Every structure is written in structure tokens, then in C-alpha cells.
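Undergrad: Sharing a sequence plus its predicted fold:
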Amino acid sequence: MTEITCKLLVIGAGPGGYVCAIRAGQLGIDTVIVESTKLGGSCLNVGCIPSKAMIHVAEEFEKAAEAAAGKTPFGLTAAEPKLDLKQAVAWKDGIVQRLNNGVAGLLRKAKVKIVHGKARFRDGKTVVVETETGPKTIQAEAIVIATGSAPVELPFLPFGGNVISSTGALALTEVPKRLVVVGGGYIGLELGTAFAKLGAKVSVVEAQDKILPLYDAELTGPISKRLTALGVEVLLGAKALGPTPKGDGLRIETADGKERSLPADRILVTVGRKPVTDGLGLENLVLDMDGRFIRIGERCETAMRGIYAIGDVTGEPMLAHRAMAQGEMVAEIVAGLPRAWDKRGIAAICFTDPEIVSVGLSPDEAKRAGHELKIGQFPFAANGRAMTRHGEAGFVRVVAQAGSELVLGIQAVGQGVSELSAAFGLAIEMGATLQDIAGTIHAHPTLGEAFPEAAMKALGHALHI
Ligand code: FAD
Ligand code: NAD
């Protein structure tokens, strides 16, 4: 059996693992990364990147269809659009491939050794990797578990046949005529919206009494409205029961306790993600767990000295940029630098139509934390750029502590607001006050102008409403 020794071993080359390995390499740490499938993890291969590519295709298709139907308010007409979904999927796969190669190049540049195979702990310092050329033993001073997450399967609706996960949905080469989505969270609504735009008749079955349960009703209101306009049926407080006897649909129990069958060519199950720890040999370690997730401290340390865990395997928020920030921090800790998790916020974006961004505390969270608040909200209906983009739905909301006027949270819903997350994140991270934001000149005409206007509204003197 081949033996490798190194200072740092990273298990899993998703955004958490590969960033950790690159930073460690930059710091001169002798680093090995093990990956059982493809470099880039869920995010790059079956998550963030491919979903955003397909959302873009759907947006373009819908715009063309709107023009073909003569529905634009500015008189654009066009021929009926046709989409070759196979070509769209090939385009998406090409982007993924380029990024796969990019990650490999970055790891090589940082002098990280890449081992392909499935890793299993033998003990707290030793991992055995099953590779194509046989098992390899890797001994390391520090080990980072970055094995990520996988879709949750419903026992009465197992994946297979016409029951698909997000991975299956992103590989479809034909638009299903009727798509039932179980779970109205991030993935269900991002992909459900995209398929509705591509012409599928979409129904969303959500167990709770609202969609995107993480966000407040003000933020999700414009999404619900748009789903209705797209002809998406949203069934709240509804339970999936199982496939219809003929396998041509889904049986559900509606909020009023009645049973109903929803016809479906495909059933997309998006009810959350679970940590990937099967076969990792965790039984050979003594880790504290948080349910099925690995429990970590503020330096991402587990209960065993020298073993760290980062990213989705440690639970919510399961976001790529959180995994990356943790990876970078852990590499610096292993290098002996004084680091701890000192972030004031992690932006969360839902790439629905319109998009939602949230950084820091929502009004309800801030109230629950005992803060007296000043809240300012500015509608895109009063923003010139939003009007010229034909996207007036939504607003920017700033939540600040009364007295100090320190900004505690920023939320927005609207077309294209995902790009405002950079400004929002910076404001929270740098401890901006309402005056700081109100006093920063924002270029005109941009969606970003709604940000200082919301801050000015909180201060009692918005200019454009
Ligand atoms: P992962 O990306 O899951 O990577 C873990 C890696 O570890 C995998 O490559 C896996 O093969 C490998 N591995 C597992 N076990 C072993 C083992 N024993 N040995 C060797 N290798 C192993 N997040 C966002 O921030 N923005 C988005 O827009 C977004 N969109 C998403 C859309 C979809 C459809 C999905 C499914 C997810 C989306 N996410 C998004 C979430 C994002 O993908 C995850 O938060 C992110 O990938 C987590 O990174 P990670 O490094 O923790 O794990
Ligand atoms: P989610 O937690 O966002 O949503 C799951 C939804 O399914 C919830 O609304 C829940 O109430 C519902 N649900 C659960 N069980 C159900 C059942 N039996 N019947 C009907 N509804 C049920 O999970 P997801 O959409 O699968 O996404 C998983 C993770 O991936 C998220 O936590 C998120 O962090 C990450 N993600 C992020 C992005 C992004 O950042 N834009 C995009 C996609 C995924």
C-alpha cells in the first residue's frame, strides 16, 4: 500500500475543501486533497454554477417568448423562440468543465497534491483512500473534513424513474410538460421558476404555510406574485404522500386534509440536503455531532484535536461562500496564524425571479435579539434604473439599531439584486451606520441608489419618496 505523509490533508474538493487547500499551499503548507468525484464539489458540478446557467437560459427564453407574444411594453416583437435544451445543457456542461480545469490548475499552482478516490478514516491521523491503482494511506498532522452534502430522499418517493433530485433536473434534455416540485425552498423555487419559464406546467408542494420559510413575507411577496403570473400552482401546508398507482403523478394531502393527485411527467424532490459522511469511517473517531452534521467550534475545530470540519457537512447555512471562508480560515489556523470566525454576516441570495438578498439580521431577528430599531425601506418603483429595466417590483430594506444607527441587517428583493450583495456585505462587515450609507455617493442611474435611499428613509429624510 502506498504511504503519503503531509502536514494537511483535506477530504473533499468542493468550495470549502479546494479553497482550504489552495490557501494552505500559498502559505507553504505541505497539502494533499482527496476527491472521490470531480473537483469543485456540488457547487461547481451540480449546484450553484449549473443551476445559474440554466436559470439564465430560462430567463433569455422567457424574454424572447414575451417579445413573440407582443407582451413587452416597449413594442419589441420577435418570432416564436425555440430552445434546444440538449444544446443548453451542453453549454452548461462546458462551463462546468472549464471551471473544473480551473480548480485543478489553481491547486497545482499552489503545489497541492491531488489524490482521486474515496477517503476513509482509520484513526485521527490516518486516512485510507481507495484509488484506481489501489489503496493509499495518508498520514497527516491536521485533517479537514469537507465532504459536503447530498439531496435528502423521501422514503416514500425515492429517486429514480421520474422522481429526480436537483442533479437530475439540471441534466434534463427535454422540458417536462408537467413538473411537480416537492419543497418550496431555495432549490425548488429557483429550478421550478426556470422550468416554468421554459414552458413546463409547474406545481410546488410545500409542507409549511409559506414558501422560502427562511425569509419574511414582505421579501417573499414579490416571488409569490411572479409565480402566479408564470402559472405556477403553489400548494402550501401540503404533504406529498407518494406516486400515483400508475406512476403518472404525485398523491398529496392538501392543507384542508383532502387527498389529491397532481399529474406529473417529472417529480423534483428538493426538501433539503444531508451531510455526506457515509463510508467516511467516522466510527473510528470521537466527534461531537449536531444531529447528522459534524459539530464545530468558532475555529471550525471538531471534538478531536487536529481534525477540522467545514462547509455543508457542518450544517446551515449551506452556502458555497461560507464553506470557502471557513476553508480559508482553517488553512491559516493550520499555518499558525491567529484566526477565528469573526464574520458579521453571510449574504444569502435566492436566485428566484425576482431575486432575494439578505445579509445580517432581519427586522424580526433584530427585535428578538432585543434591539430598538430604525428601519428604512425604499421601493424599486421609485428607482429610475429599475423602471428602465422593466423591473419595478421589490425594494431595499435597511435595519439599524436606534441610537447608534449601526446597520444590523440589509435585505432586498428585486430583479438583479444579487449583485447588490457585495455592497450590503461590505457595509455590514465594516460596521457601517445609516449615515455612512446615506453619505456614500451611489452612481446614477443604478439599482444601488435604492440602498442610500433606504438608509435615508430610516433617518427620516429619503429624497425620492
Ligand atoms: P461540496 O460542494 O458538497 O463538496 C464536497 C466534496 O467532497 C464533493 O466533491 C464530494 O465528492 C467530496 N467527498 C465526499 N465524501 C468524500 C470522501 N469520503 N472522500 C473524498 N471526497 C469526498 N450555494 C450558494 O452559495 N449559492 C448558490 O447559488 C447555490 N446554488 C445551489 C444550487 C443547487 C442545485 C445545489 C444543490 C446547491 C447550491 N448551493 C448554492 C449550495 C452549495 O452547492 C454548497 O453550499 C457547497 O457546494 C458546499 O460546499 P462544500 O465544500 O461544503 O461541499
Ligand atoms: P431548503 O431547506 O431551502 O428548502 C426545503 C423546503 O422543503 C422547505 O421549504 C421545507 O419546508 C420543504 N419541505 C421539507 N420536507 C417536505 C415535505 N416532505 N414535503 C413538502 N415540503 C417539504 O432546501 P433545498 O431547496 O433542498 O436546498 C438545500 C440547501 O442548498 C439550502 O439549505 C441552501 O443553503 C442550499 N442552496 C442555496 C442556494 C443559494 O444560495 N441560492 C440555492 C440552492 C441551494
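TA: Thanks, I have the structure now. Owing to the predicted nature of the structure, the values given are computational and were not obtained by experimental measurement. Ligands and ions are numbered 1, 2, ... in the order given.
Undergrad: Get me the contact residues on the stretch 351-465 of the chain for ligand 1.
TA: residue 351 (C-beta under 6 Å from any ligand atom). Any C-beta I mention is one placed from the backbone N, CA and C, and that applies to glycine too.
Undergrad: ok and the residue in the stretch 351-465 of the chain nearest ligand 2?
TA: Nearest residue of the stretch 351-465 of the chain to ligand 2, counting by C-beta to the nearest ligand atom: residue 351, 5.1 Å away.
Undergrad: quick one, what contacts that residue?
TA: Applying C-beta atoms under 8 Å, 6 or more residues apart in numbering, we find residue 351 in contact with 51, 52, 55, 190, 418.
Undergrad: Is the last one in contact with residue 357, as I believe?
TA: Yes: in this structure residue 418 lies within contact range of residue 357 using C-beta atoms under 8 Å: 6.2 Å.
Undergrad: So between those two, which is more surrounded?
TA: residue 357 (24 against 18; other C-beta atoms under 10 Å).
Undergrad: doesn't the more buried one fall inside a helix?
TA: No: counting by DSSP: H, G, I helix; E, B strand; the rest coil, residue 357 falls outside a helix, being strand.
Undergrad: Would you confirm that it contacts residue 425?
TA: No: with contact defined as C-beta under 8 Å, residue 357 does not count as touching residue 425 (9.2 Å).
Undergrad: Mind listing the shared neighbours of those two?
TA: In contact with both residue 357 and residue 425: residue 347, using C-beta under 8 Å, 6+ apart.
Undergrad: Find the residues that touch each one of residue 418 and residue 357.
TA: residue 349.
Undergrad: The protein: helices as residue ranges?
TA: 15-26, 41-46, 48-68, 85-109, 166-169, 186-197, 217-229, 320-334, 363-368, 384-388, 421-429, 434-438, 450-459 (DSSP state H).
Undergrad: so how far is the third one from its chain's centroid?
TA: For helix 48-68, the separation from the chain centroid amounts to 18 Å (computed by C-alpha atoms, centre = their mean, to the nearest Å).
Undergrad: Begin at 49 from now on, thanks
TA: Got it, the first residue is 49 from now on, which makes the last one we talked about helix 96-116.
Undergrad: can you tell me if it touches ligand 2.
TA: No: using C-beta under 6 Å from any ligand atom, helix 96-116 never reaches ligand 2; the gap is at least 6.6 Å.
Undergrad: export that helix as CSV, just CAs?
TA: Taking C-alpha atoms only, helix 96-116 is exported to CSV below (Å, rounded to 0.1, in the frame of the first residue of the first chain):
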residue,chain,number,x,y,z
CYS,A,96,-24.5,26.9,-7.9
ILE,A,97,-22.9,27.1,-11.3
PRO,A,98,-25.1,24.7,-13.4
SER,A,99,-28.3,26.0,-11.8
LYS,A,100,-27.4,29.6,-12.6
ALA,A,101,-26.5,28.7,-16.1
MET,A,102,-30.0,27.0,-16.6
ILE,A,103,-31.7,29.9,-14.9
HIS,A,104,-30.0,32.2,-17.4
VAL,A,105,-31.2,30.1,-20.3
ALA,A,106,-34.8,30.2,-18.9
GLU,A,107,-34.7,34.0,-18.5
GLU,A,108,-33.5,34.5,-22.1
PHE,A,109,-36.2,32.1,-23.4
GLU,A,110,-38.9,33.9,-21.4
LYS,A,111,-37.8,37.3,-22.7
ALA,A,112,-37.9,36.0,-26.3
ALA,A,113,-41.3,34.4,-25.7
GLU,A,114,-42.6,37.7,-24.2
ALA,A,115,-41.5,39.5,-27.3
ALA,A,116,-43.0,36.9,-29.6
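Undergrad: near ligand 2, which residues of the stretch 349-498 of the chain?
TA: Residues of the stretch 349-498 of the chain lying near ligand 2 (C-beta under 6 Å from any ligand atom): 364, 365, 366, 367, 397, 398, 399.
Undergrad: Give the ChimeraX command for selecting the buried subset of those residues.
TA: To isolate in ChimeraX the members of these that are buried, counting by 16 or more other C-beta atoms under 10 Å, one can use:
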select :366,367,397,398,399
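Undergrad: Between the residues of the stretch 349-498 of the chain next to ligand 2, which sits nearest ligand 2?
TA: When these are compared against ligand 2 (criterion: C-beta to the nearest ligand atom), the nearest one is residue 366, at 3.7 Å.
Undergrad: quick one: contacts for the closest one?
TA: Contacts of residue 366 (C-beta under 8 Å, 6+ apart): 197, 321, 359, 360.
Undergrad: contacting residues around the second one?
TA: Taking C-beta under 8 Å, 6+ apart as the contact definition, residue 321 lies against 197, 198, 199, 200, 360, 366.
Undergrad: what's the distance between the closest residue to it other than its chain neighbours and ligand 2?
TA: With sequence-adjacent residues excluded and distances taken as C-beta to C-beta, 6 or more residues apart in numbering, residue 321 is closest to residue 197, at 3.9 Å. Here residue 197 is placed at a distance of 7 Å from ligand 2 (C-beta to the nearest ligand atom, to the nearest Å).
Undergrad: In the protein, which residue sits nearest ligand 2?
TA: residue 233 (1.7 Å).
Undergrad: Pull out the buried residues from the contacts of residue 366.
TA: If we count by 16+ other C-beta under 10 Å, the contacts of residue 366 have these buried: 197, 321, 359, 360.
Undergrad: Per-residue pLDDT of the residue lying closest to residue 61 once chain neighbours are set aside, please?
TA: The shortest distance from residue 61 to any non-neighbouring residue, by C-beta to C-beta, 6+ apart, is to residue 83 (3.8 Å). Residue 83 carries a pLDDT score of 98 in this model.
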